[in-house]
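[1] my questions are about this predicted structure, shown below with the sequence.
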Amino acid sequence: MHAEQDLGKKAPSLALLHSIPMFAGVPDAQLEPILRMAVYRKVPRHTTIVRAGDSTDSLYVIISGNARVQVSDAEGREVILTLLGPGEFFGEMGLIDGSPRSADVVASEVCELLMIAKADFKKGLADNFDLCLNIMKSLVQRLREADRKIESLALMDVYGRVAKLLLEFSTEEDGERVIRRKLTKQDIAKMIGASREMVSRVMKDLEASGYIRVEEGRIVLNED
Ligand code: CMP
């Protein structure tokens, strides 16, 4: 872990593992060894938890907080591949195919993490088909998201890309589509391959036209 600073340590519980989608259906007898070996970490905002190109040693599960998966070029230009939140995992790609880390994963805010060492993760996979299936389902979901992103980059203008991204990050709340997740204009720009200024202009236009309502701590989408 890079620039890591432990802010505290807390023993993870079986109940916590049960609440994580990756472990759905995995019996206690197989979760217990994972739990014994898992290491709890709390990292500050801006910590690079894994760095592209590094060799792989662990899988990470986010207990709380949000992180960005991003890649950058030699000039420091960044593309955000996705945002990850509580219950989601990362670092599985290198563990599965033995290649170096494919991207940086950076804490957008203080993150609580569970670190599972490569050997323990592989043993867990060998022992439990539900765990394999859950990982496969997540990989398929990530591939679907990547397909949708390629489609929007190739076929949509910036208005379309912003609108699509807002829709993807929204959830249903009392009959409205609402985005609760903190989404900065800079993050949106880095996710859709546009400038921050352009995203700002598009968001203003969407608001002025009544398509979105920006409120304290949330954005409401108007689907009419
Ligand atoms: P790994 O390559 O070991 O380290 C970087 C991690 O970022 C990678 O494993 C995945 O867990 C995660 N990652 C890379 N690309 C994506 C993506 N498109 N969507 C979600 N997560 C990703």
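    Received it, and whenever you're ready, just let me know what you need.
[2] give the contact list for the most centrally placed residue in the chain.
    The residue lying closest to the centre of the chain (Cα atoms, centre = their mean) is L84, at 1.4 Å. Neighbour list for L84: 62, 66-69, 90, 105 [criterion: Cβ atoms under 8 Å, 6 or more residues apart in numbering]. C-beta here means a position set from N, CA and C on the backbone, and glycine is covered the same way.
[3] residues of this protein that sit close to the ligand?
    Neighbours of the ligand within the chain, by Cβ under 6 Å from any ligand atom: 50, 56, 69, 81-82, 90-94, 101-103, 105, 142, 146.
[4] just to revisit the earlier point, so can I have a markdown table of the contacts of L84 showing pLDDT?
    What follows is the contacts of L84, written out as a markdown table (pLDDT from 0 to 100):
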| residue | pLDDT |
| --- | --- |
| I62 | 96 |
| N66 | 94 |
| A67 | 96 |
| R68 | 96 |
| V69 | 97 |
| F90 | 97 |
| V105 | 98 |
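[5] quick one: which of those is nearest R218?
    N66 (15.3 Å; Cβ to Cβ).
[6] show me how to select, in PyMOL, the buried members of the residues of the chain next to the ligand.
    Buried subset of the residues of the chain next to the ligand, written as a PyMOL selection, criterion 16 or more other Cβ atoms under 10 Å:
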select buried, resi 50+56+69+81+82+90+91+92+93+94+101+102+103+105
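[7] and the furthest pair within the residues of the chain next to the ligand?
    Maximum distance among the residues of the chain next to the ligand (Cβ to Cβ): 20.1 Å, for T56 and A146.
[8] thinking again about what came up before, tell me the bridge partners for the residue nearest to the centre of the chain.
    Counting by DSSP bridges, L84 forms beta bridges with A67.
[9] any idea of the mean pLDDT in the longest helix anywhere in the chain?
    Among the segments of the chain that qualify as a helix by DSSP state H, the longest is helix 129-155. Per-residue pLDDT over helix 129-155 has a mean of 93.
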